[in-house]
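**Student:** Here is a sequence together with a model predicted from it:
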Amino acid sequence: MSKRIKEEIAIIILAAGKSTRMKSEVPKVLHKLCGRPMLGYVLDLVASLKPAQAVAVLGHKQELVRKFVPSGIKIAIQKKLIGTADAVKVGLAALKGFKGTVLILYGDIPLLKNQTIKKLLDYHLQNNADVTLLTAQLKEPFGYGRIMRDKYSGICGIVEEKDADEVQKDIKEINTGIMAFKKDKLSANLGTIRPNNQKKEYYLTDIIEILAKKNCLVEGLKIKDAQEALGINTRAELAKANAIIQKTINDKLMQDGITIIDPASTFINFGTKIGKDTVIYPFTVIERDVKIGKRCFVGPFAHLRDGVRLGDDVTAGNFIEMVRSRIGAKTFVKHFSYLGDSSVGANVNIGAGTVTANFDGQNKNSTVIKDNVNIGSDTVIVAPVKIGRSAITGAGTVVTKNIPDKTVVVGVPGRILRKR
Ligand code: UD1
Ligand code: MG
């Protein structure tokens, strides 16, 4: 089956829309879920389906969005954002010489699973349908297009929230937006859609009634887990999807042998790598591109930002902020410290309240701390600076100059006291 699907599927991803309901300058599909633009999740799904062709339809701020589209996916530009039917038309024009099944995905539906789409495609092909919709049963269907069924319970149309009457608003079966079409049926009928609705837009959803009236075979497959179909139009829906993805990330880490004491208060970005037997304490935030070794202790209240690398057996304890820093094995950074643009060796002890002053107002400067160093409490390290192997700083030292190996420094600014 999978071979057959590979030969026959082309995917159109609709991602041209504005973020009107997000009330944002940022295009909706670039809003982040666990540190990653929502479009990234949709594009992963596309890659996992291995389509013969795929095209992303971009429009609003397309110059920003296109950077996130990998080279295997074509880009088509919708000039005027006049509705999903027009967006599909633009996408179709980019699918050169394709005959087969066209799958429509939306850039604002990031939780869909590969198995669900495969089921939809199998169902579509097995039934030899002209179009198959992925539908969902929701307790609160507000905002979604409602599925209209005729007296034989066949799908005969979709009515959008804004155009629905009171009876239609009561319908709990909704259009997820995901549809599989026979390409010729889609292209032959798209042009007949008219913007006869509240928003004066060309709705793709209108094609269902058009096809049903022509006695084409319109099928529907109801999704098992309605959560997968969550469409993100608002900040509240963004937060809801974020929580779902966060749970998946945390569950997977725990499965892989990491202790997360309180998953509900632990925020770990997509793509974070953590070694076995590491313990993450509550109220920890781990951002983009972070790698943590084995048997580490992180948090509580730790903030590990972009580009942090912790070796094995590291403690990054209470109220720690780190960014663009490497910490060597068996190093302790236990209490309220800020390490930025730092390279710290192995077996180092960073005393409570240590701060790297890495920003001089214009540039970010780096700090190097070699192996076996002991940084006294409340040391301020004014970068750029290097602290040699086995050096010691006294409590409250302000380090402004490089410190040779095995040297003890004290004072403000730090002056050499003696050789160890
Ligand atoms: C759409 C569906 C609705 C469905 C819901 C599922 C239509 C008319 N309605 O509503 O039935 O229940 O999704 O989440 O399709 N887009 C473009 N160009 C445009 C307009 C939109 O590319 O001119 C893109 C958007 O970027 C987005 C997708 O199409 O990724 C859907 O648009 P959106 O405005 O979010 O539609 P909904 O109101 O959510
Ligand atoms: Mg939407």
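**Tutor:** That came in fine, so what should we check first? Ligands and ions are numbered 1, 2, ... in the order given.
**Student:** next helix or strand past the longest helix along the chain?
**Tutor:** Assignment by DSSP state H gives helix 235-255 as the longest helix of the chain. Using DSSP states H and E, the helix or strand that follows helix 235-255 in sequence is strand 259-260.
**Student:** list the helices and strands that next one packs on?
**Tutor:** helix 235-255, strand 279-280 (3 or more Cβ pairs under 8 Å, 6 or more residues apart in numbering; DSSP states H and E). To be clear about C-beta, it is placed using only N, CA and C from the backbone, and glycine gets the same treatment.
**Student:** And the contacts of that strand?
**Tutor:** Contacts with strand 259-260, where a contact means Cβ atoms under 8 Å, 6 or more residues apart in numbering, come from 250, 253, 254, 266, 277, 278, 279, 280.
**Student:** Output these in a markdown table; the columns should cover pLDDT.
**Tutor:** Output for those, formatted as a markdown table (pLDDT from 0 to 100):
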| residue | pLDDT |
| --- | --- |
| 250 | 98 |
| 253 | 98 |
| 254 | 98 |
| 266 | 98 |
| 277 | 98 |
| 278 | 99 |
| 279 | 98 |
| 280 | 98 |
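**Student:** Put the buried members of the residues you listed into a PyMOL selection.
**Tutor:** Remark: buried members of the contacts of strand 259-260, expressed as a PyMOL selection using 16 or more other Cβ atoms under 10 Å:
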select buried, resi 250+253+266+278+280
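**Student:** so can I have CSV of the contacts of strand 259-260 showing distance to ligand 2?
**Tutor:** Output for the contacts of strand 259-260, formatted as CSV (distance: Cβ to the ion, whole Å):
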residue, distance to ligand 2
250, 27
253, 30
254, 32
266, 29
277, 42
278, 38
279, 39
280, 34
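**Student:** Indicate the residue of the stretch 251-400 of the chain located nearest to ligand 2.
**Tutor:** residue 270 (21.1 Å; Cβ to the ion).
**Student:** So what's the residue count around that residue?
**Tutor:** Residues lying near residue 270 (other Cβ atoms under 10 Å) number 17.
**Student:** mind checking the SS state of it?
**Tutor:** Put simply, residue 270 is coil when judged by DSSP: H, G, I helix; E, B strand; the rest coil.
**Student:** Start at 402, not 1
**Tutor:** Sounds good: first residue 402 from here, last item residue 671.
**Student:** any idea how far it is from ligand 1?
**Tutor:** Distance, residue 671 to ligand 1, using Cβ to the nearest ligand atom, to the nearest Å: 20 Å.
**Student:** just checking, that residue touches residue 435?
**Tutor:** Yes - with contacts counted by Cβ atoms under 8 Å, residue 671 reaches residue 435, the gap being 4.4 Å.
**Student:** okay, and the common contacts of these two?
**Tutor:** 646, 650.
**Student:** Residue 651 is in contact with residue 683, correct?
**Tutor:** No - with contact defined as Cβ under 8 Å, residue 683 does not count as touching residue 651 (12.0 Å).
**Student:** any residues in contact with both of the two?
**Tutor:** Joint contacts of residue 683 and residue 651 (Cβ under 8 Å, 6+ apart) are residue 667.
**Student:** Stretch 413-428 and ligand 1 in contact?
**Tutor:** Yes - looking at stretch 413-428 against ligand 1 by Cβ under 6 Å from any ligand atom, the contacts come from 415, 416, 417, 418.
**Student:** What count of nearby residues applies to the last one?
**Tutor:** Residue 418 is flanked by 23 other residues according to other Cβ under 10 Å.
**Student:** Check the first one too.
**Tutor:** Burial measure for residue 415: 25 neighbouring residues, criterion other Cβ under 10 Å.
**Student:** so what's it up against?
**Tutor:** Counted by Cβ under 8 Å, 6+ apart, residue 415 has contacts 458, 485, 488, 489, 492, 505, 506, 507, 508.
**Student:** The last one reaches residue 429, doesn't it?
**Tutor:** Yes - counting by Cβ under 8 Å, residue 508 does reach residue 429; the two are 7.5 Å apart.
**Student:** Quick one: name the residues of the stretch 402-551 of the chain near ligand 1.
**Tutor:** 415-418, 458, 460, 479, 482-485, 487-488, 507-510, 545-546.
**Student:** which among these end up buried?
**Tutor:** By 16+ other Cβ under 10 Å, these give 415-418, 458, 460, 479, 483-485, 487-488, 507-510, 545-546 as buried.
**Student:** what about the helices in this structure?
**Tutor:** 403-409, 439-450, 463-466, 485-495, 515-527, 567-570, 584-591, 607-614, 636-656.
**Student:** Could you work out which of those reaches nearest to residue 622?
**Tutor:** helix 515-527 (4.9 Å; Cβ to Cβ).
**Student:** Which neighbouring elements make contact with the closest one?
**Tutor:** Helix 515-527 packs on helix 403-409, helix 439-450, strand 502-507, strand 532-538, strand 574-583, strand 619-623, going by 3+ Cβ pairs under 8 Å, 6+ apart.
**Student:** what residues does the fourth one touch?
**Tutor:** If I follow you right, that is strand 532-538. In contact with strand 532-538 (Cβ under 8 Å, 6+ apart) are residues 517-518, 521, 524-525, 548, 556, 559, 573-583, 586-587, 608-609, 612, 617-624, 627, 630.
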